[in-house]
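> what shape does this take:
(one chain, ligands or ions: 1)
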Amino acid sequence: MSKMTANFDPVVTAEKGTYWQPFTANRALRANPAPRTMVSAKGAYYQTLEGHKVFDTLSGLWCTPLGHAHPLIGEALQKQFEKLDFAPSFQLTHSGALSLAQRIADMAPEGMNHVFFANSGSEAVDTALKVALGYHRIKGAGNRFRMIGRERGYHGVGFGGMSVGGILSNRKMFAAGMMPGVDHLRHTYDPKHMAFTRGQPTWGADRAEDLERLVTLHDASTIAAVIVEPVQGSTGVIVPPVGYLQRLREICTQHGILLIFDEVITGFGRMGAPFASQRFDVKPDIITFAKAITNGIVPMGGVIVTDEIYNTFMTGPQNAIEFCHGYTYSGHPLAAAVGHVVLDIMESEGLFERVKALEPVLEDAAHSLKGTPQIADIRNIGLTAAVELKPAEAGAGVRGAAVFEEALKQGLLLRVTGDIISFGPPFISTEEELKTMMSTLGKVIESVG
Ligand code: PMP
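Coordinates of the predicted model:
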């Protein structure tokens, strides 16, 4: 017998802490869960348990660019469920995964024609790191074991992704379990040189020379790969300086180091192109993706690799398993079906073009808040932006938390980390919605003080 009764009250359960929530200050949430309990969503809006209708300023967690409850996605899910709800992906396959892999490869930069499916960004990152290690080993360079990440990088929460990631709070509790041989580049953010920059800063490309320094320190023959987000998303939209990614590419090529772009946020349109690689015109060796490919509706992630990497794996012993890696749900039929319909909608509604058209609208709206005394920086690229608040006298994060609470009442669901507010609105947002989002934020900041 289920213990759940007809009188189930989400607030009571939340207060008890039965559900231990991820990346959440659980004790604080338990004190007042109602405003943060979502009950429904449609289009670009959520409805909270308290009855507020709030604009979804981050597309869920950067993952619902088409908005919520898209009827075509619901139909596709139902149809696929009736046809083939699951098929193992080990030594078997199905047409949905095959055709989605083909379609993703067709969108990827030239010469990147092979897709390996996982179920999340974290799994995609760990897959990419393993591909890099395996690739070098097959090539007789098994001593290339080092991975280079970047400060302020977020690459998920697996042991690999955590290790190459550059966020202290995600690392310190688990320091004992770090992957060996990982080093980091500096991040590229320096408000002294780039505060209030629209789009890409012109300062900072030479931070890529950090990689040369690490090559000198460790010797290139020990380095397997460098992993960076083309735009650092989770740590507050840190936009690559002009020329920075190009320089990383050059140094990697020169030293036989693989370059991994973690495009979990930037993949599938958020930069106004299929991938940020195309927007910035830099081709990595491996791209990770997740989130938008299924509009956040069913989990899916994966990696795209170059022909050179794939062909290297395929030169191993005949008929042996070339890459002993994979997940029960790799290429899940329901995820593949949703992936197809998401790409159909993006194509038929011209959403990459729409992102390009909305970029200056978001940029202008965000930067119109410049001059607000509480704001330390505003930055943007593609359909992303960040408004960084000056810390309140009461301490770091206090102003951010107050702005979050007040914004909910004013119809905005914000993503606030410390004092940084990150924006990644749905591609279906109207110009008016983007303007209102920023003008409301301005009023909220003013009223919070
Ligand atoms: N990489 C990047 C760049 C991300 O932004 C994220 C999630 N925000 C991840 C990896 C991890 O993805 P997931 O939470 O799906 O594991």
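> what comes up buried for stretch 356-376?
Using 16 or more other C-beta atoms under 10 Å as the test for burial, stretch 356-376 gives 356, 358-359, 361-363, 365-367, 369, 372, 374-375. Quick note: C-beta positions are derived from backbone N, CA and C, even for glycine.
> any idea which helix or strand carries N380?
N380 belongs to strand 375-381 when assigned by DSSP states H and E.
> can you tell me what sits against the next helix or strand after that strand?
Heading C-terminal from strand 375-381, the first helix or strand you meet, by DSSP H and E, is strand 384-389. Here strand 384-389 makes contact (C-beta atoms under 8 Å, 6 or more residues apart in numbering) with 231, 233, 236-237, 265, 270, 362-363, 366, 369, 374-380, 399-400, 403, 419-424, 441, 445.
> now, which of those lie close to the ligand?
The subset of the contacts of strand 384-389 within reach of the ligand, by C-beta under 6 Å from any ligand atom, is G233, I265.
> report the buried members of the contacts of strand 384-389.
When the contacts of strand 384-389 are checked for burial by 16+ other C-beta under 10 Å, the buried set is 231, 233, 236-237, 265, 270, 362-363, 366, 369, 374-375, 377-380, 399-400, 403, 419-424, 441, 445.
> quick check, central residue of the protein?
Nearest to the mean C-alpha position of the chain, counting by C-alpha atoms, centre = their mean, stands I265 at 2.8 Å.
> so for the closest residue to the ligand within the stretch 251-400 of the chain, what's the pLDDT?
Using C-beta to the nearest ligand atom, the closest approach of the stretch 251-400 of the chain to the ligand is made by V264 at 3.5 Å. pLDDT recorded at V264 is 98.
> just checking, it touches T127?
No. Judged on C-beta atoms under 8 Å, V264 makes no contact with T127 at a distance of 11.9 Å.
> thought E431 was touching E359?
No. In this structure E431 lies outside contact range of E359 using C-beta under 8 Å: 11.2 Å.
> which parts of the stretch 51-200 of the chain sit against the ligand?
Contacts of the stretch 51-200 of the chain with the ligand, taken as C-beta under 6 Å from any ligand atom, map to S120, G121, S122, V125, Y154, H155, G156.
> and which of the residues you listed is nearest the ligand?
Nearest to the ligand among those, with distances taken as C-beta to the nearest ligand atom, is G121, at 2.1 Å.
> what sits against the closest one?
Contact analysis of G121 by C-beta under 8 Å, 6+ apart lists H155, G156, G161, D262, V264, T288, A290, K291, G301.
> next, the residue nearest to the centre of the chain: secondary structure please.
At I265 the chain is in coil, as set by DSSP: H, G, I helix; E, B strand; the rest coil.
> can you tell me the closest non-neighbouring residue to it?
Distances taken as C-beta to C-beta, 6 or more residues apart in numbering put G233 closest to I265, at 3.8 Å, once the chain neighbours are dropped.
> picking that back up, from the contacts of G121, which two are the most distant?
With C-beta to C-beta as the measure, no two of the contacts of G121 lie farther apart than G161 and K291, at 14.3 Å.
> before we move on, back to that, what pLDDT is listed against the nearest residue to the residue of the stretch 251-400 of the chain closest to the ligand once chain neighbours are set aside?
Excluding the flanking residues, the one nearest V264 by C-beta to C-beta, 6+ apart is G121, at 3.7 Å. Note on G121: pLDDT of 98.
> next: the one 4 residues further on.
Reported pLDDT at V125 in the predicted model: 98.
> which residues does it contact?
Applying C-beta under 8 Å, 6+ apart, the residues near V125 are H155, G156, G158, G160, G161, V164, I227, D262, V264, T288.
> the third one: what's it in contact with?
By C-beta under 8 Å, 6+ apart, the contact list for G158 reads S122, E123, V125, D126.
> so what's the residue nearest to the centre of the chain up against?
W62, E229, V231, G233, S234, K291, T384, G424.
> using a markdown table, please lay out those residues together with distance to H68 and secondary structure.
What follows is the contacts of I265, written out as a markdown table (distance: C-beta to C-beta, whole Å; DSSP: H, G, I helix; E, B strand; the rest coil):
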| residue | distance to H68 | secondary structure |
| --- | --- | --- |
| W62 | 14 | helix |
| E229 | 25 | coil |
| V231 | 24 | coil |
| G233 | 20 | coil |
| S234 | 21 | coil |
| K291 | 14 | helix |
| T384 | 19 | strand |
| G424 | 15 | coil |
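> surely G339 touches M300?
Yes. With contact defined as C-beta under 8 Å, G339 counts as touching M300 (6.2 Å).
> hey, what's in contact with both of those two?
Residues touching both G339 and M300 (C-beta under 8 Å, 6+ apart) are I293, T294.
> hang on, the earlier thing: which members of the buried residues of stretch 356-376 are positioned in helices?
In helices, judged by DSSP state H, the following of those are found: K356, L358, E359, V361, L362, E363, A365, A366, H367.
> who's in contact with the third one?
So that's E359. G272, N380, I381, G382, L383.
> A220 and C252, how far apart?
Applying C-beta to C-beta, to the nearest Å, the value for A220 to C252 is 10 Å.
> more neighbours: which of the two?
With neighbours defined as other C-beta atoms under 10 Å, A220 and C252 compare such that C252 has more, 23 against 18.
> any idea which helix or strand carries the more buried one?
Counting by DSSP H and E, the element that carries C252 is helix 244-255.
> which elements pack onto that helix?
helix 209-218, strand 223-228, strand 258-262 (3 or more C-beta pairs under 8 Å, 6 or more residues apart in numbering; DSSP states H and E).
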